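give me a 3D structure for the following:
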Amino acid sequence: MPCGEKTKLPVPRPTVTKPSDRSSRLHPPSLVTALVIMCGITLYPPLLTNAAGHADMGMALALFFAMSAGFVRGVGFVPRASLWRGLFSGWACAVALSLAGFLKFLH
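As a prediction, this is how the structure comes out:
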């Protein structure tokens, strides 16, 4: 090689991982749950109040968390980190919805 010529090194290409078919698809039960919660809270705000008519923060937290997890999982997004994947899974949506039902049953 003559002096002064630059050598070309191979440029590494970024690795693109294809998401599995299961992880990138819509999850209809979670999406429907999130849409029903969204419409229910919008059309009937007293759902988030206790017997005295004050805001029930536990109920609001459980329903809003269930709605958030339902939308994230429902549109097919699956986070990479296991903590976030667990928090925004269909199971987390179901647990939060069950907690909201339990809290409503207590009132």
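
can you tell me, leaving aside adjacent residues, what's nearest to Gly40?
The spatially closest residue to Gly40, leaving aside those adjacent along the chain, is Leu47, at 6.2 Å (C-beta to C-beta, 6 or more residues apart in numbering). For every residue, glycine as well, the C-beta is placed using N, CA and C.

how close does the one you found sit to Gly70?
From Leu47 across to Gly70, the span is 16 Å (C-beta to C-beta, to the nearest Å).

which one's more surrounded, those two?
Using other C-beta atoms under 10 Å as the criterion, Leu47 and Gly70 rank with Gly70 on top: 28 against 15.

quick one, what contacts the closest residue to that one other than its chain neighbours?
If you skip the residues right next to it in sequence, Gly70 has Ala34 as its closest partner in space, 3.0 Å away by C-beta to C-beta, 6+ apart. Neighbouring residues of Ala34 by C-beta atoms under 8 Å, 6 or more residues apart in numbering: 66-71, 74, 93.

mind listing what's buried in the helix or strand containing Val72?
Secondary structure assignment for Val72, by DSSP states H and E: helix 57-74. Across helix 57-74, burial judged by 16 or more other C-beta atoms under 10 Å covers 58-60, 62-74.

looking at those, which is nearest Arg80?
Using C-beta to C-beta, Val72 comes nearest to Arg80 of the buried residues of helix 57-74, at 13.0 Å.

which non-adjacent residue is nearest the closest one?
Excluding the flanking residues, the one nearest Val72 by C-beta to C-beta, 6+ apart is Phe88, at 4.0 Å.

go on, Leu99?
The shortest distance from Leu99 to any non-neighbouring residue, by C-beta to C-beta, 6+ apart, is to Ala62 (4.4 Å).
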